[in-house]
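Student: Sharing a model that was predicted from the sequence below.
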Amino acid sequence: MSVRSGQVTPLGSPCPAGRVSEWSVQGAHPPVAVLDRVSYLYPHSDRPALSNISLEIRRGEFLGLIGPTGAGKTTLCLALNGVVPQFYGGRFFGRATVAGLDSLDHPISRLARHVAVVFEDPETQITATSVENEIAFALENLCVPRDEILRRIAWALEAVRLEGTEKRPPHTLSGGEKQRLAIASSLALCPDLLVLDEPTSQLDPVGTQEVFATVRELNRTLGLTVVMASHAAEEMAEFADRIAVLDRGEIVQVGPPDEVYADGVRLAQLHLRAPQVAETFALARGKGLSVPRIPVRLQEGIALARDLSMQHPLDQPVACPEGIAGHPLPGTDKAPLLSVRDLHYTYRDGPEALKGITLDLYAGEYVLLVGQNGAGKSTLVKHFLGLLRPAQGQVLLAGTDTRTLKVSALARRIGYVAQNPDHQIFNATVEEEVGFALRHLGFSKRQVRATVDESLDAMGLSDVRDRHPLALPRGDRARVVVAAILAMAPEVIVFDEPTTGQDYRGAQAILDVSRQLHEQGKTIIVITHHLYLMADVAQRVIVMGAGRVLLDAPIREAYHADDVLASTRLTPPQAVLLAKTLHASFGMDDLCPLLTPAEVAGVLARTGGPRWDS
């Protein structure tokens, strides 16, 4: 990098000086964007999506946006490039300026030269047949000269570490690579401001880290101003300079991550979560351990845990706490409910997705199916449902080869809750939705009514039976889908990435449903990347990678298998990494493999370290 006239210019950057290449000293330049008392109501709505928002976005900063679902994060992002209100309409009050341009006085096409937006699902933004054509598309529409386009393509791909992929079709990229391509396409425009709305919600943990690290690197090395909305607390604490907290359309707090995430009480009131490292030490403090400052970043927490354990060694072994994770796996002495034997499957004109899968699932288990994007998880589940048929091998349901069963027969025994519940809802009322399959299976009106009543009551939906399902909150919409599945009385229920895109409250609501079903004796299978949410509910973990089963073990063993998880782009939750630090410091082979912040906090509080009550 070269420095001149107070500017930092990356070597080889094709962007004009003063755009992406400009790094400003605090207070030396005006903010890149200003929202001045902005309020906004969508058409036909009487509730403001944004309410009296005043915010300055400093040039060169990484600003995080957090808040519960419906807080206004996406609307705020869209207000920065004029899509709100120019595209959506509605009523807009106050003033929003970006790079000195008023969002009401300039068309979106003009604002797009200064503000680039990356959305949650990269598939919705990628349209070209090759990586280089994807990046060139917007530049061609802006009439950028050909030689300049080629230079920007090479520069943008190098910036996001995708060099060498120029000719590849985008659909062959991994989820993290696709999102980095979307970022490269935005970066090539040389924007003043890069806005990202939940860019990692559909990615595995390593893909999430890749995107955050890429954005942070662009922010640090190029001085690119970044605004990112995300529920990823651990990454936001690690990478953001400031955090703006939204609730019901209002900004209720703006501050550094150390301040925002250390206030666990306020976060809980907003149904938000802190990083697990902060939660762990807050719980330890509540148990009497004197913690001078709540760490919000993992390495700070590890260093503090190591110091405490070295200064105040544990004087006795730690047994595993009572709880579902410590219970023996149910029914393994009986015949399996689902069996997979040497299962192979290759998609037409595609890779071999399953490579000799063999496993048994037993009645009453709660099983996690984890692995990187493309590991084969969904392909395996589609075989359970009869949507795919084995190219080689067998899938047996209670000893019966599923190839001899119709999909409709399998659906009565294995229920499936899709990642997006809206994809499974198509009736005008909750009651009609729950009874739909029963009516088409020839049940009498009396049977349908009794079964629907029972399912609605079990899911706590009796009071909304006459409401339109899509008018309900997302967590309740998932309950509607589960109620419809329950009406079929299946033995197994599969949840496919149920917490993706959910805030903490929504994720917990869905997991509570799965826990309730498990307590009723159902076999639960959950496909997920969110390991930190599952330690309190699951018993067994099947780790997949590249179409194979890499590990099949109880949850305590699986979560501590770092190498296996890393091989399929997963990382253990922060509480587990803190536990491993304690284990290494104590040097105790009989220390329980701890899973949760509460378990780790309990051990920290037993180290005999300084206490509030001492």
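Tutor: On my side now, so go ahead. Numbering: from 1, shown residues only.
Student: drop to CA atoms for contacts and neighbour counts, all remaining ones
Tutor: Will do.
Student: residues touching the nearest residue to Gly264 once chain neighbours are set aside, list them.
Tutor: Spatial nearest neighbour of Gly264, excluding adjacent residues (CA to CA, 6 or more residues apart in numbering): Ala274 at 6.5 Å. Ala274 is in contact with 233-234, 261-262, 264, 267, 296, counting by CA atoms under 8 Å, 6 or more residues apart in numbering.
Student: please redo it, this time with the cut-off set to 10 Å
Tutor: Residues near Ala274 by CA atoms under 10 Å, 6 or more residues apart in numbering: 231-234, 236-237, 257, 260-265, 267-268, 280, 282, 296.
Student: Now the buried members of these.
Tutor: 231-234, 236-237, 257, 260-264, 267, 280, 282, 296 (16 or more other CA atoms under 10 Å).
Student: quick one: buried residues of the helix or strand harbouring Val448?
Tutor: Take DSSP states H and E as the rule and Val448 turns out to sit in helix 445-458. For helix 445-458, burial by neighbour count (16+ other CA under 10 Å) applies to 448-449, 451-456, 458.
Student: ok, these vs Thr75, which is closest?
Tutor: Using CA to CA, Leu456 is the member of the buried residues of helix 445-458 that lies nearest Thr75, at 33.5 Å.
Student: Doesn't Tyr40 lie inside a helix?
Tutor: No: with DSSP: H, G, I helix; E, B strand; the rest coil as the criterion, Tyr40 is located in strand rather than a helix.
Student: List the residues that contact it.
Tutor: Contacts of Tyr40 by CA under 10 Å, 6+ apart are 47-53, 72, 75-76, 79, 84-85, 89-94, 249.
Student: now do 6 Å
Tutor: 48-50, 91-92 (CA atoms under 6 Å, 6 or more residues apart in numbering).
Student: Over to Leu41?
Tutor: 48-49, 90-91.
Student: What is the nearest of these to Ala566?
Tutor: Ala49 (40.3 Å).
Student: After whatever helix or strand Glu158 lives in, which helix or strand is next? Please name it.
Tutor: Glu158 belongs to helix 146-159 when assigned by DSSP H and E. Toward the C-terminus, helix 146-159 is succeeded by helix 175-187 as the next helix or strand (DSSP H and E).
Student: Pull the residues that contact the following helix or strand past that next one.
Tutor: Downstream of helix 175-187, the next assigned helix or strand under DSSP H and E is strand 193-197. Contact with strand 193-197 is made by 115-120, 225-229, as judged by CA under 6 Å, 6+ apart.
Student: I'd like the residues you listed laid out as a markdown table, including neighbour count and secondary structure.
Tutor: Below are those laid out as a markdown table (neighbours: other CA atoms under 10 Å; DSSP: H, G, I helix; E, B strand; the rest coil):
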| residue | neighbour count | secondary structure |
| --- | --- | --- |
| Val115 | 27 | strand |
| Ala116 | 23 | strand |
| Val117 | 23 | strand |
| Val118 | 23 | strand |
| Phe119 | 20 | coil |
| Glu120 | 19 | coil |
| Thr225 | 30 | strand |
| Val226 | 26 | strand |
| Val227 | 24 | strand |
| Met228 | 26 | strand |
| Ala229 | 25 | strand |
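Student: Which two of those residues have the greatest separation?
Tutor: Glu120 and Thr225 (18.8 Å).
Student: any weak-confidence spans in the stretch 101-250 of the chain?
Tutor: Applying pLDDT under 70 to the stretch 101-250 of the chain flags no residue at all.
Student: returning to what we had before: pick the one among the contacts of Leu41 closest to Ala535.
Tutor: Ala49 (34.9 Å).
Student: Now do that closest one against Asn81, distance only.
Tutor: Look at Ala49 and Asn81: by CA to CA, to the nearest Å, they are 16 Å apart.
Student: out of these two, which sits in the busier spot?
Tutor: Each of Ala49 and Asn81 has its neighbours counted (other CA atoms under 10 Å); Asn81 has more, 29 against 21.
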